[in-house]
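[1] Here is my input, please return the structure:
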Amino acid sequence: MRIKKNDLLPWFIQDHGTLPASYLKSCRSFFDSIKQQAASGKPQATSCKKILHKVGTRVKNRFNRKV
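    This is a model prediction of the structure:
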């Protein structure tokens with residue numbers, strides 16, 4: 001069975017005994033890296049976004065030009 005690169009679906013829906021050892025190893029290292037990032041207290045992508053305009057300020061268009 002061939003598994004596409006960066007495809008996590010087989011990890012969740014198939015028995016781990018049927019999956020290739022190299023695939024299981026790469027998935028484990030990926031999940032470990034996510035755990036380390038979460039434990040480090042590093043801000044995640046959603047919290048890093050800059051607020052382009054203040055809440056309640058009217059915005060003229062998608063380029064956030066104030067009216």
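[2] Can you list the low-confidence ranges for this structure?
    1, 42-67 (pLDDT under 70).
[3] Can you give me the buried ones in the one helix or strand Leu24 maps to?
    Per DSSP states H and E: Leu24 is located in helix 21-39. Buried residues in helix 21-39, counted by 16 or more other CB atoms under 10 Å: 23, 27. Where you see a C-beta, it was placed from the backbone N, CA and C, and this is true even at glycine.
[4] which outside residues touch it?
    3, 8, 10-11, 16 (CB atoms under 8 Å, 6 or more residues apart in numbering).
[5] can you list these in JSON lines and add neighbour count, secondary structure and distance to Asp32?
    Below are the contacts of helix 21-39 laid out as JSON lines (neighbours: other CB atoms under 10 Å; DSSP: H, G, I helix; E, B strand; the rest coil; distance: CB to CB, whole Å):
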{"residue": "Ile3", "neighbour count": "17", "secondary structure": "coil", "distance to Asp32": "19"}
{"residue": "Leu8", "neighbour count": "12", "secondary structure": "coil", "distance to Asp32": "14"}
{"residue": "Pro10", "neighbour count": "18", "secondary structure": "helix", "distance to Asp32": "18"}
{"residue": "Trp11", "neighbour count": "17", "secondary structure": "helix", "distance to Asp32": "13"}
{"residue": "His16", "neighbour count": "11", "secondary structure": "helix", "distance to Asp32": "16"}
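[6] which one of these is nearest Ser40?
    Set against Ser40, the nearest of those by CB to CB is Leu8 (22.0 Å).
[7] residue contacts, the closest one?
    Counted by CB under 8 Å, 6+ apart, Leu8 has contacts 27, 30.
[8] Next one: it from Lys35, what distance?
    15 Å (CB to CB, to the nearest Å).
[9] do the same with Ile13
    Separation of Ile13 from Lys35 (CB to CB) stands at 22 Å.
[10] Equivalent analysis for Thr18, please.
    Applying CB to CB, the value for Thr18 to Lys35 is 25 Å.
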